[in-house]
Structures are given as structure tokens and as C-alpha cells.
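1. can't give you the sequence, but here's the structure:
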Ligand code: ATP
Ligand code: MG
Ligand code: MG
Ligand code: MG
């Protein structure tokens with residue numbers, strides 16, 4: 001019997017609970033303890049202060065299924081969604097953590113045992129990498145676990161050395177990949193062909209071993225820690241015998257629901273349905289966690305994702321709002337694991353519907369303008385002033401226009417857009433006593449931002465920029 005995504009999540013948590021780990025609930029997508037971070041993008045985020053020794057929870061081993069968003073900020077996978085089999089804007093990261101308790105040996109053994117015994121993956125399908133200088137981890141893999149040298153490699157710092165920031169805890173990683181087989185293009189980890197989807201990275205084990213100071217010098221931490229992350233959707237795909245995350249139980253239900261909401265006769269393998277199925281999760285959970293669509297910071301990322309989903313629906317022939325109609329299916333699939341989703345389901349539907357309706361008012365005209373611009377195009381680049389007009393008058397975020405451009409093998413003139421945007425900002429600044437905060441840095445605090453936004457005259461300028 002194949003495991004459902006929900007069963008797999010529980011299986012993982014139980015496995016580590018049986019090995020002395022405390023099951024800790026997922027923290028929200030808006031980080032509570034880190035204003036520099038746009039969204040929670042890994043399981044370790046909620047434990048940052050524990051790793052730094054500033055906080056002492058009542059346990060030294062923990063396990064979580066952490067909701068994550070990687071859309072905007074340092075980790076941005078938005079552009080990948082719909083194009084790779086393995087990337088989402090929203091995903092769950094399964095993790096086990098040791099706070100000065102066990103280290104490399106146990107972390108590696110647990111991961112290997114979970115994959116090969118607990119869920120029964122064949123060893124020949126698993127590939128392992130370590131950081132090039134980490135002989136200790138290499139020895140554990142090769143000599144103790146007995147991984148074949150043919151499926152083992154040493155990788156440089158770009159992929160296999162992790163740090164929390166420029167200073168602070170850091171250390172080598174070891175990653176486990178799954179080989180989906182020769183039918184899928186792509187090469188083993190560490191080769192130039194790695195970017196294909198054949199060898200999919202499933203689990204990253206981070207060994208926090210050093211403390212780096214401002215001069216770059218690294219001193220060993222007195223109590224090294226372990227932080228691991230495995231994408232639930234990726235391991236679900238592996239265990240359900242499918243290559244694409246979008247062919248798993250959870251995504252198939254969302255895709256069916258999307259097809260139904262859009263209406264008409266849909267090809268269920270259409271990439272736009274994948275995009276919509278992906279985006280409903282990100283948008284719903286962002287709203288659950290207090291983000292509302294706006295023109296700044298987190299709210300703007302949410303707005304961009306909603307508008308992208310809506311545009312893909314229109315592309316499939318949707319008339320009227322459809323996106324919010326996926327929420328009940330999502331709640332059925334994920335409401336048990338995330339009770340806050342069930343609790344706030346009505347708010348999610350309302351917020352999505354409002355934003356959909358807002359965008360629907362202009363999307364058609366915007367598409368018309370874009371189609372005309374493309375028809376009259378000389379080269380392969382959509383000019384910056386068109387991109388800006390789409391943004392300014394019709395509410396098309398740049399990445400949305402870029403998404404459309406990409407489908408038609410075109411590019412957007414980002415520089416031209418930036419120039420038009422700056423000119424606009426200058427005008428707005430001149431016309432107002434405060435500076436337009438559009439495109440604000442990720443450290444804006446969503447809460448203050450929104451209240452400030454409604455209650456002051458601030459909206460005037462922003463609205464002028466964004467027109468809604
Ligand atoms: P990739 O190289 O495939 O982009 P990553 O190295 O960026 O992954 P990590 O930061 O190591 O990923 O995160 C730990 C795990 O989380 C990954 O091994 C993967 O299983 C999962 N993961 C990361 N990004 C995504 C995503 N955008 N969608 C789904 N799962 C993801
Ligand atoms: Mg990545
Ligand atoms: Mg990687
Ligand atoms: Mg990784």
C-alpha cells in the first residue's frame with residue numbers, strides 16, 4: 001500500500017518521536033523571531049534562538065513538519081514552479097533537530113534508516129553528497145553505513161556548507177538524492193547536468209559545527225547541533241512511485257479541484273493547473289498566518305502569487321473568480337495537520353475572492369495591451385515602459401509579465417522597467433511628504449505595515465502607484 005502524503009508526514013514524526021524527539025508544531029510563515037526574514041523558509045527558523053543558545057526549550061531533540069514559503073527573499077523558487085517537478089512556493093519541510101545532543105553519526109544513521117528501512121527505499125536509488133572537506137561525514141557514510149562510493153561525492157561550499165548569516169553558527173551539509181531513473185533527463189549531483197530532475201535532492205542534513213566571527217574565522221562550537229530538512233512533497237512523490245510532486249495524492253486532488261473551479265474541459269496535465277494548485281497552498285497559508293494582499297513587503301509577495309494564479313486560470317479559460325473555490329479541497333487535505341487552516345478557512349476564502357475580483361477588473365484589458373505589444377515586437381524583449389504600464393495601470397506585477405513572456409520565449413526589459421518605476425517614485429515623492437515605500441526591504445513588519453497602511457494617508461501614494 002502506498003503512503004498518502006498525510007500518512008507520510010505522521011510516519012516521519014512518529015519515527016523521530018520513537019527516537020526521543022519531541023514533536024513540535026509548525027511555526028507560522030511569518031517569522032516571530034526574525035524581522036530580517038521575509039518568510040519561514042526552513043525548519044530551523046523557529047529554533048534559531050535555541051541554536052544560538054539564547055533559548056532553552058525543555059528538550060534537546062525535536063521533530064517538525066514546518067510549513068515553508070520560498071517566494072521572494074534569498075530563497076526564491078517562484079520562477080521554478082510549473083517548470084520543475086520538484087519546486088513549490090509553499091512546501092512542508094520535515095526535520096529532526098539535535099540541540100547539542102547527537103551529531104553526525106546519529107543524524108546520518110537516522111536518515112539512512114528512515115529511508116531504507118522505515119519506508120523501504122532501495123539503496124541503489126540513493127545518492128549521497130558531503131562537503132568536500134568533511135572527512136568525518138564521508139567516513140560515516142562510506143565505512144559505517146556502507147554507501148557505495150559510486151553513488152557518493154564531495155561537493156563544494158556553494159551547495160554543501162550552511163551558515164545562518166555572515167557570522168554565527170555554520171557547518172558542512174550532507175545531502176541525499178533520489179534517482180528517478182534514466183527516463184528522466186539530468187545528471188548526478190555535482191555534475192553539470194545536475195539541474196535536470198532525474199536526481200532529486202530529498203534530504204539535507206546540516207551539521208552546525210562552528211561559530212564564525214566577523215573576520216571569517218571559525219571556532220568549533222562547544223555543543224554542535226543538527227538541523228535536517230526533507231521536502232514532504234518530494235519524498236511523497238518518491239514513495240508513491242511518481243516523478244513529479246504534482247502527481248502525488250495531495251496535488252492531484254488540488255489539480256482536479258482547480259480544473260473544476262476553472263470550468264470547461266481541462267487537460268489535467270496542463271502546467272497552469274500545477275501553478276494554481278501550488279499557489280493555493282502558499283496563498284491560503286500566508287493569509288492564515290496574517291498576511292493580507294498589499295503593495296509592500298510580504299503583502300506584495302502574496303498579491304503577486306494570487307495574481308499569477310488568477311492569470312493562469314484566465315489562460316485556461318476561467319471566467320469570473322475561481323481561485324478561492326479551491327480552499328475547501330485544501331482544507332480537506334491539510335486541515336487535520338494544520339487546524340489553523342480549518343479555523344480560518346472563511347477568512348481565507350474572503351480575502352482571496354476580494355483580491356481576485358480586484359484583479360479581474362483589469363486583467364483582461366492588460367492582456368489585450370500585452371498581446372498588442374507582443375504582436376508589434378521587433379526583438380525578443382518586451383520594453384520596460386510596456387512592463388511598467390501593465391504594472392501601473394493594470395496591476396501586473398513584473399514577475400507576472402515575465403511569466404507570460406517566458407511562455408512565449410520572450411524576455412522583459414527589467415532595467416527599463418526599473419527606470420520607469422524610479423521616475424514614478426520621484427514624481428510620487430515630489431507630490432507627497434513621505435517617500436513611497438514600494439518594493440520595501442523584506443524586513444518590513446507585516447503587522448505595522450498593514451495598520452499603517454489603512455489608517456494613515458499613506459495609501460494615497462501607493463494606490464496611485466498600483467491603482468487599486
Ligand atoms: P533544490 O536544490 O532542489 O532547490 P535546496 O537545496 O534549495 O533544494 P534546502 O534548502 O536544502 O533545499 O532544503 C531542504 C529540503 O527541502 C530539500 O532537500 C528539499 O527536499 C526541500 N525543498 C527545498 N526547496 C523546495 C521547494 N521549493 N519545494 C519543495 N521542496 C523543497
Ligand atoms: Mg533551492
Ligand atoms: Mg540543493
Ligand atoms: Mg539543499
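-> Received it, and whenever you're ready, just let me know what you need. Remember, it's a predicted structure, so these values are computed and weren't measured experimentally. Ligands and ions are numbered 1, 2, ... in the order given.

2. Bridged to the closest residue to ligand 1 within the stretch 201-350 of the chain, which residues?
-> In the stretch 201-350 of the chain, no residue comes nearer to ligand 1 than residue 231, which is 2.7 Å away by C-beta to the nearest ligand atom. C-beta: built from backbone N, CA, C; applies to glycine. As for beta bridges, residue 231 partners with residue 93 under DSSP bridges.

3. was I right about it contacting residue 178?
-> No: taking contact to mean C-beta atoms under 8 Å, the distance of 10.8 Å between residue 231 and residue 178 leaves them out of contact.

4. Could you pull out the residues contacting both of the two?
-> Residues touching both residue 231 and residue 178 (C-beta atoms under 8 Å, 6 or more residues apart in numbering): residue 202.

5. Can you pull the residues of the stretch 101-250 of the chain lying near ligand 1?
-> Taking C-beta under 6 Å from any ligand atom as the contact definition, the stretch 101-250 of the chain meets ligand 1 at 201-204, 229-231, 233-234.

6. Reformat those residues as JSON lines; add secondary structure and pLDDT.
-> What follows is these, written out as JSON lines (DSSP: H, G, I helix; E, B strand; the rest coil; pLDDT from 0 to 100):
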{"residue": "201", "secondary structure": "strand", "pLDDT": "96"}
{"residue": "202", "secondary structure": "strand", "pLDDT": "97"}
{"residue": "203", "secondary structure": "strand", "pLDDT": "98"}
{"residue": "204", "secondary structure": "strand", "pLDDT": "98"}
{"residue": "229", "secondary structure": "strand", "pLDDT": "98"}
{"residue": "230", "secondary structure": "strand", "pLDDT": "98"}
{"residue": "231", "secondary structure": "strand", "pLDDT": "98"}
{"residue": "233", "secondary structure": "helix", "pLDDT": "98"}
{"residue": "234", "secondary structure": "helix", "pLDDT": "97"}
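
7. Report the residue spans of the stretch 1-150 of the chain with pLDDT below the cut-off.
-> Using pLDDT under 70 as the threshold, the predicted model of the stretch 1-150 of the chain has no low-confidence range.

8. what residues are up against the residue nearest to the spatial centre of the chain?
-> To find the centre residue of the chain, average its C-alpha atoms and take the closest one (C-alpha atoms, centre = their mean): that gives residue 70, at 2.7 Å. For residue 70, the contacting residues are 39, 41, 76-78, 87-89, 91, by C-beta under 8 Å, 6+ apart.

9. which one among those residues gets closest to residue 19?
-> Of all those, residue 91 has the smallest distance to residue 19: 24.0 Å, by C-beta to C-beta.

10. Remind me what the helix or strand hosting that closest one packs against, helices and strands.
-> Of the helices and strands defined by DSSP states H and E, residue 91 is found in strand 90-98. Taking 3 or more C-beta pairs under 8 Å, 6 or more residues apart in numbering; DSSP states H and E as the contact definition, the neighbouring helices and strands of strand 90-98 are helix 5-17, strand 61-69, helix 104-113, strand 218-231, helix 232-239, helix 271-288.

11. Let me know whether the helix or strand just after the last one sits next to ligand 1.
-> Right, the one you point to is helix 271-288. Sequence-wise, the next helix or strand beyond helix 271-288 is helix 297-315, with elements assigned using DSSP H and E. No: using C-beta under 6 Å from any ligand atom, we find that helix 297-315 stays clear of ligand 1, coming within 13.1 Å at best.

12. wait, isn't residue 415 in contact with residue 384?
-> Yes: the pair residue 415 and residue 384 qualifies as a contact (C-beta under 8 Å) at a distance of 6.5 Å.

13. So these two - more neighbours on which side?
-> residue 384 (19 against 9; other C-beta atoms under 10 Å).

14. Sticking with the closest residue to the more buried one other than its chain neighbours, tell me its helix or strand.
-> Leaving aside its sequence neighbours, residue 384 sits nearest to residue 416 (C-beta to C-beta, 6 or more residues apart in numbering; 1.8 Å). Take DSSP H and E as the rule and residue 416 turns out to sit in helix 414-430.

15. quick one on the thing from earlier: in contact with the residue of the stretch 201-350 of the chain closest to ligand 1, which residues are there?
-> So residue 231 contacts 86, 91-94, 202 (C-beta under 8 Å, 6+ apart).

16. quick one: it and residue 204, what's the gap?
-> From residue 231 across to residue 204, the span is 9 Å (C-beta to C-beta, to the nearest Å).

17. try residue 9
-> Counting by C-beta to C-beta, the gap between residue 9 and residue 204 amounts to 18 Å.

18. Check residue 387 too.
-> Plainly put, residue 387 is 36 Å away from residue 204 if you go by C-beta to C-beta.

19. just residue 421 next, same as before
-> When distances are taken as C-beta to C-beta, residue 421 and residue 204 turn out to be 36 Å apart.

20. low pLDDT regions in the stretch 301-450 of the chain?
-> If you take pLDDT under 70 as the line, the stretch 301-450 of the chain has these spans: 432-450.

21. right, and the helix or strand after whatever helix or strand residue 352 lives in?
-> Taking DSSP H and E as the criterion, residue 352 maps to helix 345-375. Following the chain from helix 345-375 toward its C-terminal end, the next helix or strand by DSSP H and E is strand 381-382.

22. quick one: strands adjacent to that next one?
-> Each strand pairing with strand 381-382, determined using DSSP bridges, is listed with its direction: strand 411-412 (parallel).

23. from the middle of its chain, how far away would the strand it pairs with be?
-> Counting by C-alpha atoms, centre = their mean, to the nearest Å, strand 411-412 is centred 24 Å from the centre of its parent chain.

24. do the same with stretch 180-188
-> Chain-centre distance of stretch 180-188: 24 Å, with C-alpha atoms, centre = their mean.

25. Now render the helices and strands packed on strand 90-98 as CSV, adding distance to residue 82.
-> Rendered in CSV, the data for the helices and strands packed on strand 90-98 read as follows (distance: least, C-beta to C-beta, whole Å):
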stretch, distance to residue 82
helix 5-17, 20
strand 61-69, 16
helix 104-113, 30
strand 218-231, 17
helix 232-239, 14
helix 271-288, 4
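
26. Would you mind finding the most buried of the ones you listed?
-> helix 271-288 (a mean of 26; mean count of other C-beta atoms under 10 Å).

27. Who are the packing partners of that helix?
-> Packed on helix 271-288, when contacts are counted by 3+ C-beta pairs under 8 Å, 6+ apart, are strand 61-69, strand 90-98, helix 249-262, helix 297-315, helix 327-334, helix 339-343, helix 345-375.
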